[in-house]
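Novice: Show me how the following folds:
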Amino acid sequence: MTHGSSSSPASSDGSAPGTSTPEAIAPTMPTSWSRILIPSVSPSVDGGQWPIKRARGEPVQVTAGVLADGHESLAVELVYRHEEDEQESVVPMEATGNDEYAGTFPTEKLGTYRYRVRAWLDRFGTWQDAFERRVSGGVGRDELESELLVGAALVREAVARASGQEAERLAARAQAFEDGDVDAALGEDVAARVREHAPHDMEQESPAYEVLVDPEEARSGAWYEFFPRSAGPEGRHGTLDDAAEVLPRIKEMGFDIVYLPPVHPIGETNRKGKDNAPTAAPGDPGSPWAIGGFLGDGTKGGHKSVHPDLGGLEAFDRFVERADEVGLTVALDIAFQCSPDHPYVEDHPEWFSHRPDGSIRYAENPPKKYQDVHPIDFESEAWPALWAELKSVFEFWIERGVTTFRVDNPHTKPFAFWQWCLSELRRETPELIVLAEAFTRPKTMYTLAKLGFNNSYTYFTWRNSKEELVSYGRELFQTDVAEYFRPNFWPNTPDILHDELVHGGRPAHKTRFVLAATLSSAYGVYGPPFEHVYNEQHPEREEYARNEKYEIRSWDWHDPTSLQPFMRRVNEIRKANPALQQMRTLRFHETRNPNLLAYSKETRDNLIVVAVTLDPHAPQEGQLVLPNGDLGLPYDEPFEVVDALHDSRYTWRGTQHYLRLTPDRPAHIFRVERDGSNETSHPVYHRPVHA
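Specialist: Numbers count the residues shown, from 1 in each chain. Predicted structure coming up:
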């Protein structure tokens, strides 16, 4: 593109006056340039190094800083395309002030979308703005007709780039300009039509950014974990067929995903006994995470086999089929480690690190020791074959109908492996959901999310005070972390029984369940001990005594005194309210009591306010203070509030509202009626300011 020209007489050496000869031009001189800059595009992660995340149906709201020297108008567009689409789609971006522009595009398909911002000088828009000011200022007819000829020339540039009827319509409009029709030059309709076909003068583009679009369950799935071997009659090792009988009850409680710990054969060498005893007694089943052992026919099986006492692969297939029938998604545990009896140890010794005496070191995380497990050596010289085999473990279960996984300790395996493996898997399985069980340093947890894990365990279990919960909630949901890290809140796991549940009993279990299920839209629970309020802690560790990892337990799946009705009601509320199915509008509110926590979440037509007590032992009172203006509520007029958890209705007025919560009723989940409307709609996300 040529910028500027000269018609002055040449100098004696043949160059134009005031210009430099080619030899004098600096080698750093740009060959082209633009008057436009796009210094910022949001959302993006690390300048576009990693994709942002959305669930299917969530819009991507893009803002960009776009500026040019002078006062000319700019045309700014948001250009996006799904990886499978042949053509790009374009959305005009609207000026929002202070050189900022905003536009939104939908995510209708799983996989990767790419988007970028482009801008150019809107010559016609600049002309039209000045022309409209001349008209309103009352300039003379002669000047207007002269200016109309300038506008007509700009329209004819668009005519040359249009075709068919559109070119004819533009040509007719240019003729109207030339005929002196002032009204023909006014209005956004002509500006938009010309802008669509006009030359993109001084066009500038941002880099391309990516958004990974996951299934809706990645954003709002409720996980239920249980050990299938504990689903049989008391005293007998349960099968997957026994476990399938429990699935309707789990669905009735409102869960979406049923997560099974490893279902593979368990090693006998160095098998752990009850409560992690270093030696197993006869009949001890061992830890399911000691993967690899003997099958019923005397051969060995590993990560692609099912424990014979669970019924083998045939029973697993029946379990998946039954889960699909009742509307549950099956999630499997992926733990890349091997018992000494795993076939990999014998068939591929090169995949393990050996001591000088030839023995293989067992896994440990001091002071914890895992004598029943060998770690895999990802840095082995044979790493390409190892990585391919481990990827094939995922593929084996995907072929059997499982596309949701919980990965054990991914932070102890190379980042490069996960980046490659998850990217490859998503080529054929864009519906993949992978939950990272990585209780480690924050930057490591966040990096795993950037690499491709679309759900992540968090520190929620250890955030129990009001200050801790507010600070952590703001970090996860009100900063850029929300663009790529999708927190999955678990109040307990087979490895973790926090003191809060031990000492708080049933009230604390209720409070922590409400917090997990409503602060984040993705949450999980290690179900049987939680719903039965079994909270006997190991005397030496922050985990369950009589731990189900090492022994078969018996649970009364239909215990009328359990928390099942409470959990079912909370899940019903989650499903009925779109505000609780997304993570991006969390706002904390003042309660004037450090033992009371309150927060809201909203979509366009749905506002939920949650209040919980953090004291499981005594009643607590306080004042809920709402920012009515920010929430679209009247200051002086009454509005209706429904406590969905307790089926009560209230009329509120003003900004302050009395709360009283007790150990028996430790939470409220209020649905606030705004203009009588709380119907479902697509959410509009605006990150809230700190309240």
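Novice: Please name the residues that touch the nearest residue to residue 456 once chain neighbours are set aside.
Specialist: Among residues not flanking residue 456 along the chain, residue 436 sits closest, at 4.8 Å (CB to CB, 6 or more residues apart in numbering). (Glycine included, C-beta is placed from N, CA and C.) By CB atoms under 8 Å, 6 or more residues apart in numbering, the contact set of residue 436 is 407, 410-411, 445, 448-449, 453, 455-457.
Novice: On the pLDDT front, check the residue nearest to the spatial centre of the chain for me.
Specialist: Central residue of the chain (CA atoms, centre = their mean): residue 486, 3.9 Å from the mean position. Looking at residue 486, its pLDDT is 98.
Novice: Same check on residue 355?
Specialist: At residue 355, pLDDT is 86.
Novice: related to what we said a few turns ago, pick out the most distant pair among the contacts of residue 436.
Specialist: Using CB to CB, the contacts of residue 436 span at most 14.7 Å, a distance reached by 411 and 455.
Novice: ok so, going back, from the contacts of residue 436, which is closest to residue 128?
Specialist: residue 449 (46.5 Å).
Novice: mind listing what the residue nearest to the centre of the chain touches?
Specialist: 53, 218-219, 449, 454-456, 522, 583.
Novice: For the longest helix along the chain, list every residue counted as buried.
Specialist: Using DSSP state H, we find that the single longest helix of the chain is helix 499-519. Neighbour counts over helix 499-519 (16 or more other CB atoms under 10 Å) mark 500-501, 504, 506-519 as buried.
Novice: quick check: mean pLDDT across that helix?
Specialist: 98.
Novice: Distance from the chain centre to that helix, please.
Specialist: 24 Å (CA atoms, centre = their mean, to the nearest Å).
Novice: tally of neighbours for the closest residue to residue 632 other than its chain neighbours?
Specialist: The shortest distance from residue 632 to any non-neighbouring residue, by CB to CB, 6+ apart, is to residue 674 (5.2 Å). If you count neighbours by other CB atoms under 10 Å, residue 674 ends up with 17.
Novice: Please report phi then psi for residue 674.
Specialist: phi -110, psi 110 (degrees, to the nearest 10).
Novice: Dig out what it forms beta bridges with.
Specialist: Beta-bridge partners of residue 674, counted by DSSP bridges, are residue 677.
Novice: For the buried ones among the contacts of residue 486, write the corresponding PyMOL selection.
Specialist: Under the burial definition 16+ other CB under 10 Å, those of those that qualify are selected in PyMOL by:
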select buried, resi 53+218+219+449+454+455+456+522+583
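Novice: Identify those among the contacts of residue 486 that sit within helices.
Specialist: 218-219, 449.
Novice: Which helix or strand contains the closest residue to residue 254 other than its chain neighbours?
Specialist: Residue nearest to residue 254 in three dimensions, not counting chain neighbours: residue 571, with 2.5 Å by CB to CB, 6+ apart. Take DSSP states H and E as the rule and residue 571 turns out to sit in helix 564-576.
Novice: packing partners for that helix?
Specialist: With contacts taken as 3 or more CB pairs under 8 Å, 6 or more residues apart in numbering; DSSP states H and E, helix 564-576 sits against helix 499-519.
Novice: Now do the helix it packs on against helix 564-576, angle only.
Specialist: Here helix 499-519 runs at an angle of 30 degrees relative to helix 564-576 (axes from the mean of the first three to the mean of the last three CA atoms, to 10 degrees).
Novice: Which strands and helices lie in contact with helix 499-519?
Specialist: helix 466-477, strand 488-489, strand 522-526, helix 564-576, strand 596-603, strand 606-613, strand 667-672.
Novice: Can you lay out those as a markdown table showing distance to residue 270?
Specialist: Formatted as a markdown table, the helices and strands packed on helix 499-519 follow (distance: least, CB to CB, whole Å):
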| stretch | distance to residue 270 |
| --- | --- |
| helix 466-477 | 38 |
| strand 488-489 | 32 |
| strand 522-526 | 25 |
| helix 564-576 | 38 |
| strand 596-603 | 45 |
| strand 606-613 | 44 |
| strand 667-672 | 45 |
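Novice: Please work out which of those is packed deepest.
Specialist: Of all the helices and strands packed on helix 499-519, strand 522-526 has the most neighbours on average by mean count of other CB atoms under 10 Å, namely a mean of 26.
Novice: Report the strands that pair with that one, each with its relative direction.
Specialist: Strand 522-526 has these strand partners (DSSP bridges): strand 222-225 (parallel), strand 488-489 (parallel).
Novice: Name the nearest residue to residue 387, ignoring sequence neighbours.
Specialist: residue 417 (5.8 Å).
Novice: what about residue 417, how many neighbours?
Specialist: Residue 417 has 18 nearby residues by other CB under 10 Å.
Novice: cool, residue 237 as well?
Specialist: So residue 237, with other CB under 10 Å, has 18 neighbours.
Novice: got it, and residue 657?
Specialist: If we define neighbours as other CB under 10 Å, then residue 657 has 19 of them.
Novice: Which helix or strand contains it?
Specialist: Secondary structure (DSSP H and E) places residue 657 in strand 656-661.
Novice: so for that strand, what's the average pLDDT?
Specialist: Mean predicted confidence for strand 656-661 is 97.
Novice: now swap in stretch 451-468 and tell me
Specialist: 97.
Novice: ok, now stretch 304-319?
Specialist: Here the average pLDDT along stretch 304-319 is 98.
Novice: Tell me the buried residues in that stretch?
Specialist: 305-312, 315-316, 319.
Novice: Looking at those residues, which are in helices?
Specialist: 312, 315-316, 319.
Novice: Pretty sure the residue nearest to residue 632 sits against residue 609.
Specialist: No - Residue 674 lies out of contact with residue 609 (CB atoms under 8 Å); the separation is 11.6 Å.
Novice: how about the ones in helices among the buried residues of stretch 304-319 in a markdown table, adding distance to residue 495?
Specialist: Formatted as a markdown table, these follow (distance: CB to CB, whole Å):
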| residue | distance to residue 495 |
| --- | --- |
| 312 | 28 |
| 315 | 26 |
| 316 | 24 |
| 319 | 24 |
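Novice: Just the closest of those to residue 379, please.
Specialist: residue 316 (32.7 Å).
Novice: In contact with the closest residue to residue 320 other than its chain neighbours, which residues?
Specialist: In space, and not counting its chain neighbours, residue 320 is closest to residue 401: 4.7 Å by CB to CB, 6+ apart. Taking CB under 8 Å, 6+ apart, we find residue 401 in contact with 317, 320-321, 324, 330.
Novice: hmm, back to that, need the ones in helices among the contacts of residue 486 in JSON lines (columns: distance to residue 540).
Specialist: Converted to JSON lines, the ones in helices among the contacts of residue 486 look like this (distance: CB to CB, whole Å):
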{"residue": "218", "distance to residue 540": "37"}
{"residue": "219", "distance to residue 540": "38"}
{"residue": "449", "distance to residue 540": "33"}
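Novice: Looking at the residues you listed, which one is closest to residue 194?
Specialist: Closest to residue 194, out of all of these and judged by CB to CB, is residue 219, at 40.9 Å.
Novice: how close does the spatially closest residue to that closest one that is not a sequence neighbour sit to residue 668?
Specialist: Counting by CB to CB, 6+ apart, residue 219 lies nearest to residue 55, which is 3.6 Å off, once chain neighbours are set aside. Using CB to CB, to the nearest Å, residue 55 is found at 28 Å from residue 668.
Novice: And for residue 36?
Specialist: Counting by CB to CB, the gap from residue 36 to residue 668 is 52 Å.
Novice: One more: residue 560?
Specialist: The value you get for residue 560 to residue 668, if CB to CB is used, is 25 Å.
Novice: cool, and residue 205?
Specialist: 50 Å.
Novice: Contacts only, for residue 579.
Specialist: Per CB under 8 Å, 6+ apart, neighbours of residue 579: 585, 600-603, 606-608, 683.
Novice: quick one: it is in a helix?
Specialist: Yes - under DSSP: H, G, I helix; E, B strand; the rest coil, residue 579 falls within a helix.
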